[in-house]
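# I would like the atomic coordinates for the input below:
(3 chains)
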Amino acid sequence: MSNSFAKVVVATPLPQLDRLFEYRVTQEQQSLIAVGTRVKVPLGRSKQLLDGFIVALAGTAEYQGELAELAEVVSETPALTPDVYQLCRAIADRQAVAIGDVLRLAIADRSVAVEKSFMALPENAQIKHAFDPNEISTHNAASSNALATSQNQPAALRSTALANPRVVAFAGGYYPAWVQLFLERAHEQSQLGKSSLLVVPDFRDQHLLLEAAQALGLANVVNYSTEQVKSKRYAAFLQALAQKPSIVIGSRAAVYAPSHQIGLIAIWDDGDSNHWEPNSPYIHSREAALIRQSQIGCNLLIASHSRSAEAQRLVEIGYLNDEVASFNRPNLAVSDEGYRIDGLAYKTIREGLASGPVLVQVGAKGNSVSAYCQTCSSRALCKECNGPLWLDSKGQPKCRWCNAFNLGSECRDCGGRELRLGQAGATRTATELAKTFAGVRVIESTGDVRVEKIGAKPALVIATAGAEPLAEQGYAAVVLLDCQNLLARDTLRATEDAVRFWSNAFALLSEHGRGAAVGIAGDFGQKIVFWQQVQLAREELETRRELAFAPAVRLASVTAVRETLDSISSAISDIKSVRILGPLPSKEPELLRLLIRYEYSDGAELAATLRAQVLLHGSTGLRVNPKSGRAARPIRIKMDEPEVI
DNA sequence: AGCACGCCGACT
DNA sequence: GTCGGCGTGCTC
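Coordinates of the predicted model:
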């Protein structure tokens, strides 16, 4: 049977075009095409050709009407493998977006020169016809529903691990212990002839993995960085596509790598917000990995120093196996004497400096608009509702929750009457500490001006949370200041984030280093000291359950004009677990936002209903086209809204 | 998105 | 009598 007809998925963000179109294949094109081929197709009356990919070939057509021909076979390299297509399809459906938005993430832009030299290699010659759409990843039983099949998976295959929070000697240097964990697991897979996808939040972590992988001499390591020039990205894409086991190291997009025979997907520190895709499919790499895992049946490892509420939920529903690496917990202490830098802090810094570098973590600067007491730095709270105060444009203290003015408020801790915005920044702390520890080198690292790595000599490092440099052999001491401020950030994830920031900072300690946290006490402080991350995650998830917040339930947001939102509200209100909040104001002045609370079990139905609404409002009715002229998307759907409030 | 088809107001 | 406004709908 000749392949005279091709089913093509079109690479466009338009939801109306998110379906397969059939085209006639000409005689000359027959030998060039295969499943996965990149083509250009005519669509509608537009003279502009659209990019697409062949997902199936057949001898007969299903479509009754007149068929158009494939306009152009762009390349003979099969860029869209069947399992990546299935993954993109599932993600588009789950997120209620067009598949084109997902394809953009999954498939690197073509670079002709790179592709030519790749295809010229004899070992890549057979790749052209390597894919059969009916045979998605034969190496493991495929399953369509992740949750339904979880019981059938060997427990050890899916795990959420708490990694050893230490810097260890490894690969001829010093690395965080998790780097060793990831590369060892990937190496195991390589030995079995399988590929691994190692997914990290940012390029610092990526560099660490790449550097250590190179030092170990691991074969077929793919630098799947999105920060490279286009041709390098495409080279990495092709390297993963080559039919041999590879170790793909990258950020979010690495989940979609077209690797051969994937045996492991590993996610590092899934609580880091960099794992959220900020653009259209708006999916978290952990969720994308879960979908891919369920489709191809590979191992899944979600590892971190602290545990996200999402990972904890997956453990509690029995979907993930709970794996805690054996390690000695760090030597930690907490204090809460009411000073920003107290006796414990000074003592820990002084003793640490005797043997090596010392890290002082200060609260993240810049993202706090709340007001604090000038004298004692405790957070200013509303006298009416205990909400956080801020200073308005006239400098008057106002509640962020109930808008009440709080003129002449007194600090509840010290009675102070002066307020200031934000907290003492890294620079001020650096100056203060430099005075106390005269003669010691002081290094400052913040989100803006970041230091990546420091040596083993004694030095005082002042860093904002999340911007801590690595110390070559680990820190002799780590001191956390402003713990209260981190806990009091205006987000529902404040506690989880704080525990994560602290855990990651303590994880930079050397084997014999000591840590101290200033400003946390009691039961909570003890759990930090005894490294009870699982217990903390359990409590955090319980809190979210009580409040009915994610990840206990899911929380979607829909942004559009009011009329559209009204129509959407009534369309989805029949779905069992759906509860609608709003319309609420959104960041864009002319648009409003709906928050939708729903159960996991209703996700598919809600996504399908929302998608139908997008189609309804997309090509007919109210086209939102404000004076800007730009065709703003009339409806923006995030099936999981990471930042409520 | 594009692009065409279609049914109502001021022009050579 | 026609030209053209953009509301509506389709695209293999």
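
# per-residue confidence for residue A:581?
Per-residue confidence (pLDDT) for residue A:581: 91.

# and the helix or strand harbouring it, C-alpha only, in PDB?
Using DSSP states H and E, residue A:581 falls within strand A:579-585. What follows is strand A:579-585, C-alpha atoms only, in PDB (Å, rounded to 0.1, in the frame of the first residue of the first chain):
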ATOM      1  CA  ARG A 579     -16.300  26.200  42.500                       C
ATOM      2  CA  ILE A 580     -15.900  29.600  40.800                       C
ATOM      3  CA  LEU A 581     -14.400  32.700  42.400                       C
ATOM      4  CA  GLY A 582     -14.700  36.000  40.700                       C
ATOM      5  CA  PRO A 583     -14.600  37.600  38.200                       C
ATOM      6  CA  LEU A 584     -11.700  39.300  40.000                       C
ATOM      7  CA  PRO A 585      -9.500  42.100  38.700                       C
END
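
# and the contacts of that strand?
Residues from elsewhere that reach strand A:579-585 (Cβ atoms under 8 Å, 6 or more residues apart in numbering): A:562, A:565-566, A:569, A:572-573, A:592-598. Where you see a C-beta, it was placed from the backbone N, CA and C, and this is true even at glycine.

# and what of stretch A:53-63?
A:1-9, A:11, A:20, A:22, A:24-25, A:33-39, A:67, A:79-80, A:82, A:85, A:103, A:107, A:133.

# repeat that with 6 Å
Outside stretch A:53-63, the residues that touch it by Cβ atoms under 6 Å, 6 or more residues apart in numbering are A:1-9, A:22, A:33, A:35, A:37-38, A:67, A:80, A:85, A:133.

# ok, residue A:239 touching residue A:221?
No: with contact defined as Cβ atoms under 6 Å, residue A:239 does not count as touching residue A:221 (9.1 Å).

# hey, what's in contact with both of the two?
Contacts common to residue A:239 and residue A:221, judged by Cβ under 6 Å, 6+ apart, are absent.

# and the helix or strand where residue A:461 lies, which strands flank it?
Element membership for residue A:461 (DSSP H and E) is strand A:460-464. Within its sheet, strand A:460-464 is paired with strand A:358-362 (parallel), strand A:442-445 (parallel), according to DSSP bridges.

# any idea how many residues pack against residue A:184?
Residue A:184: 11 surrounding residues under other Cβ atoms under 10 Å.

# next one: residue A:454
For residue A:454, using other Cβ under 10 Å, the count is 19.

# quick revisit: so which of the strands paired with strand A:460-464 comes closest to DNA strand C?
Each of the strands paired with strand A:460-464 was scored for nearness to DNA strand C using Cβ to the nearest atom of the strand, and the closest is strand A:442-445 (50.6 Å).

# so what's residue A:323 closest to, chain neighbours aside?
Of all residues not flanking residue A:323 in the chain, residue A:159 sits nearest, at 4.0 Å (Cβ to Cβ, 6 or more residues apart in numbering).

# what's the neighbour count on that neighbour?
Neighbours of residue A:159 using other Cβ under 10 Å come to 19.

# what's opposite it in the beta bridge?
residue A:301, residue A:321.

# report the contact partners of it.
A:301, A:321, A:323.

# out of these, the closest to residue A:349 would be?
In terms of Cβ to Cβ, no member of the contacts of residue A:159 lies closer to residue A:349 than residue A:323, at 34.7 Å.

# what about the closest one, neighbour count?
With other Cβ under 10 Å as criterion, residue A:323 counts 17.

# name the next helix or strand following the helix or strand harbouring it along the chain.
Assigned by DSSP H and E, residue A:323 belongs to strand A:321-324. Next helix or strand after strand A:321-324 toward the C-terminus (DSSP H and E): strand A:331-335.

# same question for that following strand, mean pLDDT?
In this model, strand A:331-335 has a mean pLDDT of 91.

# please apply the same query to stretch A:55-67.
92.

# buried sites along that stretch?
A:55-57, A:67 (16 or more other Cβ atoms under 10 Å).

# over to stretch A:587-603?
The neighbour-count check on stretch A:587-603 (16+ other Cβ under 10 Å) flags A:591-598, A:602-603 as buried.

# the residue of the stretch 201-350 of chain A found nearest DNA strand B: helix or strand, and which one exactly?
For the stretch 201-350 of chain A and DNA strand B, the shortest gap (Cβ to the nearest atom of the strand) falls at residue A:280, measuring 13.7 Å. For residue A:280, there is no host helix or strand (DSSP H and E).

# what's it in contact with, if anything?
A:97, A:101.

# now with 8 Å, please.
Residue A:280 touches A:13, A:95, A:97-98, A:101-102, A:104, counting by Cβ under 8 Å, 6+ apart.

# flag the least confident of the residues you listed.
residue A:13 (91).

# neighbours of that residue, how many?
17.

# in this structure it contacts residue A:100, no?
Yes: Residue A:13 is within contact range of residue A:100, at 4.8 Å (criterion: Cβ atoms under 8 Å).

# any idea how chain A splits into domains?
A:5-138, A:154-322, A:331-545, A:554-638 (automatic domain parsing).

# now do the first one: distance to the chain's middle.
Which is domain A:5-138. 28 Å (Cα atoms, centre = their mean, to the nearest Å).

# in the stretch 301-450 of chain A, which spans are helices?
With DSSP state H, counting those that start in this stretch as the criterion, the stretch 301-450 of chain A has helices at A:309-316, A:343-353, A:426-436.

# the residue nearest to residue A:323 and residue A:300: what is the separation?
To residue A:300, residue A:159 is 8 Å away according to Cβ to Cβ, to the nearest Å.

# what residues are shared contacts of these two?
residue A:320.

# can you tell me how far residue A:100 is from DNA strand B?
Plainly put, residue A:100 is 11 Å away from DNA strand B if you go by Cβ to the nearest atom of the strand, to the nearest Å.

# that residue should be in a strand, yeah?
No: counting by DSSP: H, G, I helix; E, B strand; the rest coil, one finds residue A:100 to be helix, located in no strand.

# give me the residue from the stretch 301-450 of chain A nearest DNA strand C.
residue A:310 (36.2 Å).

# same question but for the stretch 101-250 of chain A, I mixed them up
residue A:101 (16.1 Å).

# still on that earlier bit, which of the contacts of residue A:159 lies closest to residue A:644?
residue A:301 (28.7 Å).

# quick one: contacts for the closest one?
A:158-161, A:182, A:185, A:264-267.

# swap in 7 Å and give it another go.
A:159, A:161, A:185, A:264, A:266 (Cβ atoms under 7 Å, 6 or more residues apart in numbering).

# the nearest residue to the third one once chain neighbours are set aside bridge partners, please.
When you say that, I think you mean residue A:185. Excluding its sequence neighbours, the residue lying closest to residue A:185 (Cβ to Cβ, 6+ apart) is residue A:264, at 5.9 Å. Partner residues in beta bridges with residue A:264, using DSSP bridges, are residue A:196, residue A:299.

# and residue A:264, how many neighbours?
Residue A:264, neighbours per other Cβ under 10 Å, totals 23.

# same deal with the one 5 residues further on?
Neighbour count of residue A:269, defined by other Cβ under 10 Å: 23.
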